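K.L.:
3D, please:
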Amino acid sequence: MADIRCIHCDQPYPSRGLPFRCASCGGVYDFNGPPNFDPELNERSLPGIWRYRHAFDLFKDAPVISLGEGRTPLIWEHYRGTEIALKMESLNPTGSYKDRGTAVLVSQLKARNAHNAVEDSSGNAGASFAAYAARARMNAKIFVPSTASGPKLQQIESYGAELKSVLGPRSAAAQEAFQEAMDGAVYASHAYLPFGLSGIATIAYELVEQLGSEPGTIIAPAGHGSLLLGIIRGFEALQRGRLIEKQPYYIGVQAKACAPIWYFFNQGWDAYNAAQEGKTLAEGVRVRHPVRLRALREEILPGGGEILAIEENDLVDAHVDLGKRGIYVEPTSALVWSAVQQVIGRVSEPIVLIMSGSGLKYYKPSI
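P.N.:
Here you go, the predicted model:
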């Protein structure tokens, strides 16, 4: 069983409470290894991703909280002589991959008797948390930037959560939630709390089931880095269990307007520190200070992956092109379609793109 520890001072996660960062040094908590996955322990009678419950490293008496997340289909698209698989995470219950992590996160909160919690989000994580909190009979308060897409805001309110719109960039909403946490609220942060990574890892397990072997390349959007990191952890678990021969090549994709991970990977700390939080239609990755940056740097080994940044006009073109192929996703998902056009022919097949969010959660802003 993997332990949760501070990545800076190695203090274990406390046996009581739900701190989002280390009380000793203020560091970030993370698992000290990949999940322990054994297909013989799968519980096929449980819904969605919960058939993999043994690999979630749950607290004692953590309940099953589910809306039927997981088991998302693969859609194959022919492009430039190559068959590309689209993992349709946009078809999860609230319309994004976030549901995999949120199901596990809320289960952990319930195991420690949380009844109220706050979260910040550009939209998808907030909608997901609001839904699963409602399912678990918890009260949720969600801070979002005032620029968040209208359908996501309606979705959050429809689940009964308290919606707080914050003027300014995405980081301003995070600061408001952070202040509530400092005042004693449970901060159910999908970025800081590592619990959801075990749920996101189920994407890897499903892909191997669907493909019959490991993919050659995975391309996923990257904001805080949790989606890509969770997938990496899943494949690490599969490789450690000798269920696959090798890990895929990993490509994380950011919008050039807000691309701190790209700057760090390609130009170093100085460029990272100078990066801007510019406006982009890919609001799901508009994150100036990615929490999982260090883990991504350590786990995407040299030669094992890369980070790309997509110009805004290319993002728009990719979004339109996907629609014409019958794939209706929000612009954040279109990042990976633009990225594959840059790397096709030089990366290993099969190539899998993670379609992270539904187009039903987005409408084109008025001019």
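K.L.:
what segments of this structure are strands?
P.N.:
With DSSP state E as the criterion, the chain has strands at 4-6, 29-31, 74-79, 82-88, 116-120, 139-145, 162-166, 217-221, 249-255, 305-310, 351-355.
K.L.:
lowest-scoring secondary structure element of this protein by mean pLDDT?
P.N.:
Here the helix or strand of the chain ranked lowest by mean pLDDT, DSSP states H and E is helix 170-182, holding a mean of 86.
K.L.:
residues contacting that helix, please?
P.N.:
20, 118-122, 141, 143-145, 164, 166, 187, 189, 277, 283, 286-289 (CB atoms under 8 Å, 6 or more residues apart in numbering). C-beta here means a position set from N, CA and C on the backbone, and glycine is covered the same way.
K.L.:
can you say which of these are buried?
P.N.:
Taking 16 or more other CB atoms under 10 Å as the criterion, what is buried in the contacts of helix 170-182 is 20, 118-122, 141, 143-145, 164, 166, 187, 189, 277, 283, 286-287.
K.L.:
nearest residue to the residue nearest the centre of the chain in space, please, no chain neighbours.
P.N.:
By CA atoms, centre = their mean, the chain has its centre lying nearest to residue 227, at 3.2 Å. In this structure, residue 227 finds its nearest non-sequential neighbour in residue 220, 5.2 Å apart by CB to CB, 6 or more residues apart in numbering.
K.L.:
that neighbour and residue 82: what is the separation?
P.N.:
Counting by CB to CB, to the nearest Å, the gap from residue 220 to residue 82 is 18 Å.
K.L.:
more neighbours, these two?
P.N.:
Using other CB atoms under 10 Å as the criterion, residue 220 and residue 82 rank with residue 220 on top: 29 against 14.
K.L.:
who are the contact partners of residue 230?
P.N.:
100-101, 196-201, 203.
K.L.:
select only the buried ones of these in ChimeraX?
P.N.:
Restricted to buried positions by 16+ other CB under 10 Å, the ChimeraX selection for those reads:
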select :100,101,196,197,198,199,200,201,203
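K.L.:
JSON lines for the contacts of residue 230, including distance to residue 127?
P.N.:
Converted to JSON lines, these look like this (distance: CB to CB, whole Å):
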{"residue": "100", "distance to residue 127": "14"}
{"residue": "101", "distance to residue 127": "13"}
{"residue": "196", "distance to residue 127": "15"}
{"residue": "197", "distance to residue 127": "19"}
{"residue": "198", "distance to residue 127": "21"}
{"residue": "199", "distance to residue 127": "16"}
{"residue": "200", "distance to residue 127": "16"}
{"residue": "201", "distance to residue 127": "22"}
{"residue": "203", "distance to residue 127": "19"}
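K.L.:
which of the contacts of residue 230 fall in helices?
P.N.:
If you go by DSSP state H, the contacts of residue 230 have 100-101, 197-200, 203 in helices.
K.L.:
residue 24: which of the contacts of residue 230 is nearest?
P.N.:
Nearest to residue 24 among the contacts of residue 230 is residue 197, at 21.8 Å by CB to CB.
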